[in-house]
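Need the 3D shape of this:
(one chain, ligands or ions: 1)
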Amino acid sequence: MNILPVLTIPNPLLKEISLPVEHITEETKNLIEGISKTLYAHKYCVGIAAVQVGVLQRIVVIDASQSLKEHRSSGLLIMINPVITYSSGKISSREGCLSAPDFIGTVVRRKKIEVDYLDLNGKKQQLKTDGFEAIVVQHEIDHLDGKVFLDRVTSLKTDVFRRVT
Ligand SMILES: [Zn+2]
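As a prediction, the model looks like this:
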C-alpha cells in the first residue's frame, strides 16, 4: 500500500471507537505498510493511528525519532491492540496532529507509561517509555478511542493556538 490520505477534523470517523484486530492478515500488513509510508512522507510526523486513514482498527504506527527535537526513541513502533497498563506522573507539552493541521495545543499527559501490544507477527510485546515518546503513544491511543488532542486541552481559549505556516 502506498501513501494514504489523512482524514481531518471534523470528519466523524475521527470520533469513532476503533475495534481490536482479531487476526493479523496480509491486509493488516498492507495497511500498516501504507500507514508507515504515510508517516515518513510527512516531515516531523511522529505517529498515525489507523482511523486517521479511515480504518477503524486498533493499530498505531509511531516513530518519535522523526521529531524536530532530540528525544529518546525506540524508532519505528508498530502497535496492534495497544493497552496502557501502567502510568505515572504528569507532563505538559505542545501537541499537533495531521488530523488537525491548523492547530497546536497544550496538553497534560502521563509522564511514564507501560504499554502492552501485539507486534506485526502477533507476538505480545511490552514497551516502557517516558517523556516525548510516552506522549506520542498516548496521543495515538486516544485516536483509537475517538479523541483528538483538542478534546484533551483544559481550555480551548487559552490552550489552543493557530499554527503559523
Ligand atoms: Zn493525532
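
Where does the prediction get shaky in this structure?
Across the chain, the ranges flagged by pLDDT under 70 are 165.

all strands for it, in order.
Chain-ordered strands for the chain, with DSSP state E as the definition, fall at 47-49, 59-63, 76-88, 91-95, 103-109, 112-118, 124-130, 160-162.

Off-centre distance for the last one?
Think strand 160-162. Distance, stretch centre to chain centre, for strand 160-162: 20 Å (CA atoms, centre = their mean, to the nearest Å).

contacting residues around residue 46?
The neighbourhood of residue 46, defined by CB atoms under 8 Å, 6 or more residues apart in numbering, consists of 39, 62, 63, 64, 66, 67, 136. Heads up, the C-betas are built off the backbone N, CA and C, glycines and all.

wait, the second one sits on residue 135?
No: between residue 62 and residue 135 no contact is recorded; they are 10.6 Å apart, counting by CB atoms under 8 Å.

returning to that earlier point: want to throw the contacts of residue 46 into CSV with neighbour count and distance to residue 125?
Formatted as CSV, those follow (neighbours: other CB atoms under 10 Å; distance: CB to CB, whole Å):
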residue, neighbour count, distance to residue 125
39, 20, 19
62, 28, 13
63, 21, 16
64, 23, 16
66, 19, 20
67, 15, 22
136, 24, 16
